[in-house]
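In: With the input below, show me the fold.
(one chain, ligands or ions: 1)
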Amino acid sequence: MQLNNQSIDLKNILHSFSYWPRLFCLFWNTHKVYFISITILSFIQGILPVLSLYMTQLLVNTIVTTDTGVFDEILFVFLLFIIFTIFKEVVNLITEYIDGLFQTLLTNKLNFMILDKSNTLGQEDFENSEVQDQLKRAQQETGYRPYQIFQQILSIITSVITVISSIVFLFYWNWWVALILIVLPSFSFLSFIKISNKEFFVFWNRAGRNRQSWYLTHLLTHDKAFKEVKIYNIGRLLLDQYNKIMNGFYSEDKQIATRRLKMSLFFGLINLACVFFAIYLVIRDTYLKQILIGSFISYVQAIILIQTTSERLMHSVINLCQHNLFIEQLFSYLETKSNDPVYRRPDSAIKLEVIESIEFKNVSFSYPGTENYALKNVSLILEKGDKIAIVGKNGSGKSTFIKLLCQLYENYEGEILINGINLKLYDTASVRENIGAVFQDFMQYEMPLRANIGFGNFKHMHEDELIYKAAEKAGIAAFAKALPNKIDTQLGKWFPGGFQLSGGQWQKIAIARAFFRDASLYILDEPSAALDPESEKEVFDKFIQLLDNKIGIFISHRYTTTKFAERIIYMEDGEIKAMGSHQELMEDCPDYYYLYNLQADSYTDNDLLSTKNVVNG
Ligand SMILES: Nc1ncnc2c1ncn2[C@@H]1O[C@H](COP(=O)(O)OP(=O)(O)OP(=O)(O)O)[C@@H](O)[C@H]1O
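Out: Numbering: from 1, shown residues only. Down below sits the predicted model:
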C-alpha cells in the first residue's frame, strides 16, 4: 500500500476489507472448533442483555400485579430469573475461556508466520531499511491486530443484536425515542474516523524510530556493547537519545488523546441530553400510570443500554477500520518477494553435487543503493585442490567476493561459473550445502557447544564422534573434552549455567562448525581477527592439510601467515591487482611488497623487544 498523509481515505479503508477472506481463513485454520464456538457464543451474548431486561421487568411486574396469597407464581418467575442469571454467567465464563485460548493460538500462529517469512528473506532484504520497517510494523502492530479484528467483529455482532433487540423492546412504548437513540451516535462516527486515520499515520511513521529505540535499548542492555558503553561513558548519551524518541511518541499520543477527549466530550454531552430526555418521558408515563413500575425500570435500562451499546458499536466500527489498515501491513509483509535466490529458483534448477571448479568472468558488483563498485572486472579460476589466500587493504572487496560466491547477492555483472555452468542456474540451497564458511562476523550461539558445532550440518548434530572430529580439526578437541558437560556445555552467559569463552575460542568453534560440514569449498574470512598468531598459523596449516581435493579460500590481514599459500590474490579497490606465489608477488607487486615488509618488520621489532626483555629480565 502506498501511503502518504493525503491518500488515506474511505477508499483505502474499504480496500483494506479485501483482506478479510484471508483473515477469516487464518481464524479458521487457527482452531476451527474455537472459531465456531466463539461466533455462536457472541450471538448468544448479544441477546442476553435484552433477555435480562425482560426478566427484570417480568419479575417486578409479577410482584406488583400478583394478588396476595398466590406467592407460587412469583416464586416460579424468581426461579426462572435465577436459571437465567446462572446461564448468563456460564456463557460469560465459557466465552472468556475459549477467547483466551484462541487468542494465544492466533498470536502464536501469526508470530510464527512473521518469523517464517523473515527466514525466507535474502541478505539484500535485511539490509533494506524499508523491509526492516515493514518487519517491525508486522511484529509490533499486526501481531495482535488480527485478534482485535476478530474481537471487534464479534463485538459489532453482539452490539447490533443488543441494539436491535432493545429497540424492538422499546418500540412498544415509544418508537421515535428509540430511533433518536440510535441515529445520534452515527453523527459522531465520521468525526472519530478522521481522528483514527491520523492515529494510524502516527503509528505508521513510527516504525523507523521504533527500531532506533530498540537499537538503543539493545546497546544499553546487551553484554557485547556493555564494555564500550562503560569505558566511553556513553550510557547517559544513549539514554537521552532514547528519551527523546519516547518523548516524541508521548507528545504525538497526547495530541491525539486531547483531540479524542474534546470530540468525546462534545458528542457525549449531546448523547446524554437525549438519554435524559428519553428517561424524562418514561418517568412522565409512569407518573401518568400509563406504564407499570417493572416497565419503568426495564425501559430506563433499555435506554441506557441502547446509548452505551450504540456508542460501543460506533467505536468498534472505527477500531475495526483502523485495525484493517494495519492488517494490510501484515499481509503486505507476508507477501514481500524474497530476494534470496533460494526462493526464486525454478524447481528445474540444477542440483549441485560437488564443486569441482569456480570461475569468475569479468565480475563487477555494486551493493544495492550504492554507486561505487565493490568488485571491478574480477576474473579468476579455481580448481579442485586449489588453496588460495586473498589479501588486501580494508574495503578492497575480499568479503564481497565471498558473498557473491555464497549467492547472498545476485545483481552482479559478468558471470560466475561453477563446474562450467552459470551459478544462477543452480539450485541455491544445493550450492550453499557445498560451502563451509567462517565469516568475519561469525555467530556465537548462546547454546550448547554441540549446537555451536552441529549447526554446520544439523542432520548429524547428535553424532558425538563427528562433533569431536570437527573440534579436532579446529584444534579445540581437548578444550571440548575439558568442559564441565563436554560438548553439551551451555556456552555464553545469556542463559543459566553458561560457560563463557574468549574471542579466539569462539572463533575456533566457528571454524569447527565450518569443518563439520562435508563441503567441497571452504572459506575462512579473517580468522586472524581473534586468533593469536600461533593459533592462526595452526588453523591455516590444518586448513591447507585438510582440504585435500577441495577448494579453500583463506582471507587474512596477516601476510606472514598467508605467504605459505600456493596462490595469493592481492586486491585493491575491488580489483585483483596481482596474483601468484608469495615470491612472485614480492617481485611483481610493490604494494604487496610494501605491506608484507611493514608487517614483517613490526614482528621483527616485537620479537627483538621481547627477546631483549627476556635477556634483561
Ligand atoms: N552491505 C553493504 N552495503 C553497501 N556497501 C558495502 C556493504 N558491504 C561492504 N560494502 C562496501 O563494499 C566495499 C568492499 O567491502 P568488503 O567488505 O568486501 O571489503 P574487505 O576487503 O572485506 O574489507 P575488510 O578487510 O575491512 O574486511 C567497501 O567499500 C564497503 O564499504
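In: Give me the mean pLDDT for the helix or strand where residue 176 lies.
Out: Following DSSP states H and E, one finds residue 176 within helix 175-204. For helix 175-204, the mean per-residue pLDDT is 74.
In: list the buried ones in it?
Out: For helix 175-204, the buried set under the neighbour-count rule, 16 or more other CB atoms under 10 Å, comprises 177-178, 181-182, 184-185, 188, 192-193, 195-197, 199-201, 203-204. C-beta: built from backbone N, CA, C; applies to glycine.
In: What of stretch 441-459?
Out: Applying 16+ other CB under 10 Å to stretch 441-459 flags 442, 444-445, 447-457 as buried.
In: out of those residues, who's nearest residue 510?
Out: Using CB to CB, residue 442 is the member of the buried residues of stretch 441-459 that sits closest to residue 510, with 3.9 Å.
In: which residues touch the closest residue to that closest one other than its chain neighbours?
Out: The shortest distance from residue 442 to any residue other than its chain neighbours is 3.9 Å, reached at residue 510 (CB to CB, 6 or more residues apart in numbering). Neighbouring residues of residue 510 by CB atoms under 8 Å, 6 or more residues apart in numbering: 438, 442-444, 452.
In: now with 10 Å?
Out: 437-439, 442-445, 452-453, 455-456, 474, 524, 527, 530 (CB atoms under 10 Å, 6 or more residues apart in numbering).
In: which one of the residues you listed is nearest the ligand?
Out: residue 439 (10.2 Å; CB to the nearest ligand atom).
In: Touching, residue 33 and residue 98? I think so.
Out: Yes - counting by CB atoms under 10 Å, residue 33 touches residue 98, with 8.7 Å between them.
In: which one in the buried residues of stretch 441-459 is the model shakiest on?
Out: Least confident of the buried residues of stretch 441-459 in the model: residue 442, at 86.
In: ok, the closest residue to residue 520 other than its chain neighbours to residue 442 distance?
Out: Nearest residue to residue 520 in three dimensions, chain neighbours excluded: residue 355, at 4.2 Å (CB to CB, 6+ apart). Separation of residue 355 from residue 442 (CB to CB, to the nearest Å) stands at 21 Å.
In: burial count for residue 464?
Out: Residue 464: 12 surrounding residues under other CB atoms under 10 Å.
In: for the nearest residue to residue 123 once chain neighbours are set aside, what are its contacts?
Out: In space, residue 123 comes closest to residue 408 once its chain neighbours are excluded; the distance is 4.0 Å by CB to CB, 6+ apart. With contact taken as CB under 10 Å, 6+ apart, residue 408 is in contact with 122-124, 126-127, 339-341, 400, 402, 432.
In: Specify which member of those is nearest to residue 48.
Out: residue 126 (50.6 Å).
In: Do you know the pLDDT at the residue nearest to the closest one when sequence neighbours are not counted?
Out: The shortest distance from residue 126 to any non-neighbouring residue, by CB to CB, 6+ apart, is to residue 132 (7.3 Å). Turning to residue 132, the model gives it a pLDDT of 83.
In: you'd agree residue 132 is up against residue 124?
Out: No - if you go by CB under 10 Å, residue 132 and residue 124 don't touch, sitting 11.9 Å apart.
In: Looking at these two, which one has more neighbours?
Out: residue 124 (18 against 15).
In: so the more buried one is in which element?
Out: Residue 124 belongs to helix 123-126, assigned by DSSP H and E.
In: so residue 553 touches residue 391, yeah?
Out: No - in this structure, residue 553 is not within contact of residue 391 by CB under 10 Å, at 11.7 Å.
In: list residues touching both of these two?
Out: The contact sets of residue 553 and residue 391 overlap at 398, 565, 569 (CB under 10 Å, 6+ apart).
In: Can you tell me the SS state at the second one?
Out: Assigned by DSSP: H, G, I helix; E, B strand; the rest coil, the conformation of residue 565 is coil.
In: same check, this time on the last one
Out: Reducing the assignment to helix, strand or coil with three-state DSSP, the entry for residue 569 is strand.
In: wait, what's in contact with it?
Out: Residue 569 touches 378, 380, 382, 388-392, 398, 401, 553, 555, 562, 576-580, 585, counting by CB under 10 Å, 6+ apart.
In: and what of the first one?
Out: With CB under 10 Å, 6+ apart as the criterion, the residues that contact residue 398 are 375, 390-392, 440, 525-526, 553, 555-557, 569, 571, 574.
In: Also compute the angle for the longest helix along the chain relative to helix 175-204, please.
Out: The longest helix of the chain (DSSP state H) is helix 235-287. Put simply, helix 235-287 runs at 180 degrees to helix 175-204, going by axes from the mean of the first three to the mean of the last three CA atoms, to 10 degrees.
In: Quick check: mean pLDDT of the very next helix or strand once past helix 235-287?
Out: Next in sequence after helix 235-287, counting helices and strands by DSSP H and E, comes helix 293-334. Averaged over helix 293-334, pLDDT sits at 82.
In: go on, stretch 424-433?
Out: 91.
In: For it, C-alpha coordinates in CSV please.
Out: Only the C-alpha atoms of stretch 424-433 are listed here, as CSV (Å, rounded to 0.1, in the frame of the first residue of the first chain):
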residue,chain,number,x,y,z
LYS,A,424,22.4,-18.6,-11.4
LEU,A,425,21.2,-21.9,-13.0
TYR,A,426,21.9,-23.9,-9.8
ASP,A,427,19.5,-24.7,-7.0
THR,A,428,20.9,-22.2,-4.4
ALA,A,429,20.3,-24.5,-1.4
SER,A,430,22.5,-27.2,-3.0
VAL,A,431,25.2,-24.7,-3.8
ARG,A,432,25.2,-23.5,-0.2
GLU,A,433,25.3,-27.0,1.1
